[in-house]
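J.: Quick one: sequence and predicted model below, then my questions.
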Amino acid sequence: MPDRRDWPLFEVFVRSRRGLSHAHVGSLHAPDAQMALRNARDVYTRRQEGVSLWVVEAAAITASSPEEKDAFFDPAGDKIYRHPTFYDIPEGVEHL
Amino acid sequence: MNDHLSGYALALGDDALVAAQRTGEWIASAPQIEEDVALGNIALDLLGQARSLLTYAGSLEAPQRSEDDLAYFRDAAEFRNVLLVERPRGDFGAAMARALVLATYLGELYERLRTSTDEMLAGIAAKAVKEVAYHRDHATMWVLRLGDGTEESHARMQAGLDAEWPYVDELFDSSYVDPRLVDAGVAIDPSGMREPFDARVGDVLAQATLQLPAVRAAEGGGREGRHTEHLRELLADMQGLARAHPGATW
Amino acid sequence: MYGNDFTAPQADGQDAVREGHEDFWRVVESDGRIEPRDEMPEDYRASLVRQIAQHAHSEIIGMQPEGEWISRAPSLRRKAILMAKVQDEAGHGLYLYAAAETLGVDRAELLDKLHSGKQKYSSIFNYPTLTWADIGTIGWLVDGAAIVNQVPLCRCSYGPYARAMIRVCKEESFHQRQGFEALYTLSHGTPEQKAMAQDAVDRWWWPSLMMFGPHDAESTHSEKSMAWGVKRFSNDELRQRFVDMTVPQAEALGLTLPDPDLRWNEERGHYDFGEIDFTELFEVIKGNGPCNQQRMARRRAAHEDGTWAREAAVAYAEKAQQHGRRTAVA
């Protein structure tokens, strides 16, 4: 049984450059929002500069259900959406 | 003058190289997979700094030596790193104590080195200062959480801090820096960095409900090549393969 | 998945369930994407949880055999490349756990299953990395095989998995190239280096072929997986694709592959290759591989040794919430 003291799930949104909007790129676990932001920077942007990151606790997200059906794995109706060179290769070598 | 400049860059490079080697040991052993990624980034940054500094140091020698010549073909007595970075990995508390100390020290160093009259050092420092600011924030976050988390984490964090603290003084010992390099604005006298270092670290420790350790400073000597057994073991592991095939390209 | 080499072939028996899941089948059969809140058959969901989780576990365990050589890499450039590669693998594991979690499981549960042996990881990682040449060989052959498996998954029917795979494949492009390049340097280096490279290839070739899983005839689960749009090509098709790509690369490396029956078949337009001895694979899957114990022990130790630190972070966050403070960054 997972420990209650496991780190909660955060969803990560990245705006990779000006002119675009934030896009959902995945999720990660962190004990709190500040660490989530830091982890997201490491995992989802490899610390590129000029990238904007949002992290949101998955539990804070409200989602619509397709066709008003609750997902069978969330029996409580109010439980929310959880949810996904430089190398020199000799000439003529293919598929690399 | 070149000798001393080369020696200065070598000392800074050795700090970064040995620190990178120890940090890299955490990859696949960290408390959370996200931490494997974070520590991997930190190790890569330190390694990058090491490579730039060693390459520069070697280029100033006659005959020149490459970064790999320096990393793989010097014995322990020729290394100029401080003893803090060669200490064995320890537990995660000790690791974060060391990370906080090192990153805070490097932050002060590189911030000053950005305005070095030596262009190469200034350039290396300009890049490094951003990287170590991140490392310092990362270590700070953990020190706060471990210090002010559970009773067990508090004890372990304090113990880690107490174990690393005897090696802090050596970071600020300026006897290894040629005063002419300092006067010329090339190198930084680290003794001037102790106060801001103490202020920053003291602040974090206070917030983390940790005690500043009251421990005796360990014997230094790293800057003169007097190292512990730990460095010899680290180098035996690191250098073994390269030395088994002298002259080979990888 | 990383490979198809997690379990011995077993009779599955049932066909994919169709009744009551008309919307699901309509999406799958028009090559659309099933998303997390969509209605889906329970066996599709359970099968995906298992597949994605095992893929994630493979990435995490895969960090170990290569990670062992970070400290010993023979040049600083190779050390940096290897650190970056292993770090990528951690990141890939995270993307995949995130995808699995959209199906209603928690990462902690999945890790529990890995640690207890209830879920597996690719058995290729139960082999030891005996020399530096193994590192290049893993990049070339093992990542090469993984890529052949993974590219089709970028179009699998489950949205989060497909998207995670696209991200993985983009980042993976350097992994195989760096392996090939590292091996090329060895095979064109000193006689000792060339011998090291050849020895590594001799040891990793057959296990790499076995990553594609049992032959199609013994792979009964595949039919369901294909109907669901998860598996796009059969084990043997993918294996053949891998062989056809890799043989010319071996020639460019100047290294031989340890299969006397390997030859170009003009009629088929493919390389013929020798009979695979799967008994070794099944032994390794059962837990009798050279490194099974070691891999699991290290993985469990990292998790257990880190418990106090993870708990501390949770305690800190709870305290911060109680005091109404924002959790701090210095």
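T.: Perfect, I can see it now.

J.: Tell me who's in contact with the nearest residue to residue C:67 once chain neighbours are set aside.
T.: In space, not counting the residues next to it along the chain, residue C:67 is nearest to residue B:28; the distance is 4.3 Å by CB to CB, 6 or more residues apart in numbering or on different chains. Quick note: C-beta positions are derived from backbone N, CA and C, even for glycine. By CB atoms under 8 Å, 6 or more residues apart in numbering or on different chains, the residues touching residue B:28 are B:36, C:63, C:64, C:67, C:86, C:90, C:298, C:302.

J.: can you rerun that using 7 Å?
T.: Going by CB atoms under 7 Å, 6 or more residues apart in numbering or on different chains, residue B:28 touches B:36, C:63, C:64, C:67, C:298, C:302.

J.: Tell me where the stretch 151-300 of chain C has helices.
T.: Remark: helices assigned in the stretch 151-300 of chain C by DSSP state H, counting those that start in this stretch are C:159-187, C:191-210, C:222-227, C:235-253, C:278-283, C:292-305.

J.: which one of those helices lies closest to chain A?
T.: Of all the helices of the stretch 151-300 of chain C, helix C:159-187 sits nearest to chain A, with 2.5 Å by CB to the nearest CB.

J.: quick check: angle from the closest one to helix C:191-210?
T.: Orientation of helix C:159-187 against helix C:191-210 (axes from the mean of the first three to the mean of the last three CA atoms, to 10 degrees) gives an angle of 150 degrees.

J.: What are the buried residues along helix C:159-187?
T.: Within helix C:159-187, the residues that count as buried by 16 or more other CB atoms under 10 Å in any protein chain shown are C:159-169, C:171-172, C:174-187.

J.: And for stretch B:145-165?
T.: Buried residues in stretch B:145-165, counted by 16+ other CB under 10 Å: B:145-150, B:152-154, B:156-165.

J.: what residue ranges in chain B are flagged as low confidence?
T.: Along chain B, segments meeting pLDDT under 70 span B:1.

J.: Output the longest helix belonging to it.
T.: For chain B, the helix with the greatest residue count under DSSP state H is helix B:119-147.

J.: can you tell if it touches chain A?
T.: Yes - using CB under 7 Å from any CB of the partner chain, we find that helix B:119-147 touches chain A at B:138, B:141.

J.: ok, and the closest non-adjacent residue to residue C:183?
T.: Spatial nearest neighbour of residue C:183, chain neighbours left out: residue C:136 (3.7 Å); criterion: CB to CB, 6+ apart.

J.: Show me what the lowest-mean-pLDDT helix or strand in chain C is in contact with.
T.: One helix or strand of chain C scores below all others by mean pLDDT, DSSP states H and E: helix C:278-283, with a mean of 86. Here helix C:278-283 makes contact (CB under 7 Å, 6+ apart) with C:5, C:8, C:123, C:210, C:214, C:289.

J.: Give me the subset of those that also touch chain A.
T.: The subset of the contacts of helix C:278-283 lying close to chain A, counting by CB under 7 Å from any CB, is empty.

J.: Now tabulate those residues in a markdown table and tack on distance to residue C:146 and pLDDT.
T.: Below are the contacts of helix C:278-283 laid out as a markdown table (distance: CB to CB, whole Å; pLDDT from 0 to 100):
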| residue | distance to residue C:146 | pLDDT |
| --- | --- | --- |
| C:5 | 11 | 71 |
| C:8 | 21 | 56 |
| C:123 | 13 | 90 |
| C:210 | 13 | 94 |
| C:214 | 18 | 90 |
| C:289 | 18 | 81 |
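
J.: Which pair of those residues spans the longest distance?
T.: Across the contacts of helix C:278-283, the longest distance by CB to CB is 16.7 Å; it joins C:214 and C:289.

J.: What spatial separation is found between residue C:128 and chain A?
T.: Separation of residue C:128 from chain A (CB to the nearest CB, to the nearest Å) stands at 26 Å.

J.: Torsion angles phi and psi at that residue?
T.: The phi/psi pair for residue C:128 (degrees, to the nearest 10) reads phi -80, psi 150.

J.: residues touching it, list them.
T.: Per CB under 7 Å, 6+ apart, neighbours of residue C:128: C:65, C:290, C:291.

J.: Nearest to chain B among those?
T.: Closest approach between the contacts of residue C:128 and chain B, by CB to the nearest CB: residue C:65, at 9.7 Å.

J.: Check which helix or strand the closest one maps to.
T.: For residue C:65, the host element (DSSP states H and E) is helix C:42-67.

J.: following that helix, which helix or strand shows up next?
T.: Counting by DSSP H and E, the next helix or strand C-terminal to helix C:42-67 is helix C:76-101.

J.: Quick one: distance of that next one to the chain centre.
T.: In this view, helix C:76-101 has its centroid 12 Å away from the chain centroid, taken as CA atoms, centre = their mean, to the nearest Å.

J.: is any part of that helix close to chain B?
T.: Yes - interface with chain B: helix C:76-101 contributes C:76, C:78, C:79, C:80, C:83, C:84, C:86, C:87, C:90, C:91, C:93, C:94 (CB under 7 Å from any CB).

J.: what would the residues you listed look like in TSV with neighbour count and pLDDT?
T.: Output for the residues of helix C:76-101 next to chain B, formatted as TSV (neighbours: other CB atoms under 10 Å in any protein chain shown; pLDDT from 0 to 100):
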residue	neighbour count	pLDDT
C:76	24	97
C:78	23	97
C:79	28	97
C:80	20	96
C:83	23	95
C:84	19	93
C:86	24	95
C:87	27	93
C:90	26	96
C:91	25	94
C:93	24	96
C:94	28	95
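
J.: out of these, who's near chain A?
T.: Applying CB under 7 Å from any CB to those, those adjacent to chain A are C:91, C:94.

J.: Let's have the residues of helix C:76-101 next to chain B in JSON lines, adding distance to residue C:240.
T.: Below are the residues of helix C:76-101 next to chain B laid out as JSON lines (distance: CB to CB, whole Å):
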{"residue": "C:76", "distance to residue C:240": "39"}
{"residue": "C:78", "distance to residue C:240": "32"}
{"residue": "C:79", "distance to residue C:240": "36"}
{"residue": "C:80", "distance to residue C:240": "36"}
{"residue": "C:83", "distance to residue C:240": "34"}
{"residue": "C:84", "distance to residue C:240": "32"}
{"residue": "C:86", "distance to residue C:240": "30"}
{"residue": "C:87", "distance to residue C:240": "33"}
{"residue": "C:90", "distance to residue C:240": "32"}
{"residue": "C:91", "distance to residue C:240": "31"}
{"residue": "C:93", "distance to residue C:240": "29"}
{"residue": "C:94", "distance to residue C:240": "32"}
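
J.: Can you tell me which of the residues of helix C:76-101 next to chain B is closest to residue C:260?
T.: Nearest member of these to residue C:260, counting by CB to CB, is residue C:78, at 32.8 Å.

J.: What separation is there between residue A:25 and chain C?
T.: In terms of CB to the nearest CB, residue A:25 sits 8 Å off from chain C.

J.: next one: residue A:18
T.: According to CB to the nearest CB, residue A:18 and chain C sit 22 Å apart.

J.: among the helices of the stretch 151-300 of chain C, which is nearest residue B:45?
T.: Closest to residue B:45 of those, according to CB to CB: helix C:159-187, at 18.6 Å.

J.: Now do that closest one, average pLDDT.
T.: Computed over helix C:159-187, the mean pLDDT rounds to 92.

J.: Run the angle between it and helix C:42-67 for me.
T.: Here the directions of helix C:159-187 and helix C:42-67 differ by 30 degrees (the same axes, to 10 degrees).

J.: quick one, helix C:159-187 and helix C:235-253 angle?
T.: Following the same axes, to 10 degrees, one obtains 30 degrees for the angle between helix C:159-187 and helix C:235-253.

J.: Report all helices and strands that helix C:159-187 contacts.
T.: On a contact count with 3 or more CB pairs under 7 Å, 6 or more residues apart in numbering or on different chains; DSSP states H and E, helix C:159-187 meets helix C:76-101, helix C:132-137, helix C:143-153, helix C:191-210, helix C:235-253.

J.: how far is the second one from where the chain is centred?
T.: Translated: helix C:132-137. With CA atoms, centre = their mean, you get 17 Å for helix C:132-137.

J.: Kindly report the residues of chain B close to chain A.
T.: Residues of chain B lying near chain A by CB under 7 Å from any CB: B:34, B:37, B:38, B:41, B:138, B:141.

J.: I'm done for today, thanks for sticking with me.
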